[in-house]
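Engineer: Structure for the following, please:
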Amino acid sequence: MIFSIGLSKKLVLPAVASMVLVLSPALFGQAETGEAIYKRNCAGCHGADGSGQTAMGRTFKIGDLRAAEAQKMTDAQLADLIAKGKGKMPAYEKRLSHEQIQSVVGYLRELAKKK
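Structural biologist: Modelled structure (predicted):
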């Protein structure tokens, strides 16, 4: 009986530790990265690289987010576009917080540097 309890503790503690590591951003109030938010909400149409070269991107003639035309927009303009949507692009103001939208804007700036 004592052996089985010790064995259970040996199995349970690593599992709990793993869960804490996975959930730690949520548990400790750490913000999700702009990249993670972009990949979850935007990459399906805009592409992982922001080029717009996806089936949806080509169908709706989505421009390259890394291009000068998109990058010359101010952060406030990009945030407003994400919040309110445009054309076929849905509004995200009810799905994403202001901070999350700002994180995505920051990530869009990073995408342009990677081009």
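Engineer: Would you mind measuring from residue 42 to residue 67?
Structural biologist: 16 Å (C-beta to C-beta, to the nearest Å). Backbone N, C-alpha and C define where each C-beta goes, glycine included.
Engineer: Which residue of the two possesses the greater neighbour count?
Structural biologist: Using other C-beta atoms under 10 Å as the criterion, residue 42 and residue 67 rank with residue 42 on top: 19 against 14.
Engineer: Just give the closest residue to that one, not the sequence neighbours.
Structural biologist: Once flanking residues are discounted, residue 42 sits nearest to residue 104: 7.0 Å by C-beta to C-beta, 6 or more residues apart in numbering.
Engineer: Show the contacting residues for that neighbour.
Structural biologist: Going by C-beta atoms under 8 Å, 6 or more residues apart in numbering, residue 104 touches 34, 37, 38, 41, 42, 82, 96.
Engineer: quick one: which helix or strand includes it?
Structural biologist: helix 98-114 (DSSP states H and E).
Engineer: Same question for residue 61.
Structural biologist: Using DSSP H and E, residue 61 falls outside every helix and strand.
Engineer: what does residue 37 give?
Structural biologist: Applying DSSP H and E, one finds residue 37 within helix 34-41.
Engineer: Identify each buried residue in that helix, please.
Structural biologist: Buried residues in helix 34-41, counted by 16 or more other C-beta atoms under 10 Å: 34, 35, 37, 38, 41.
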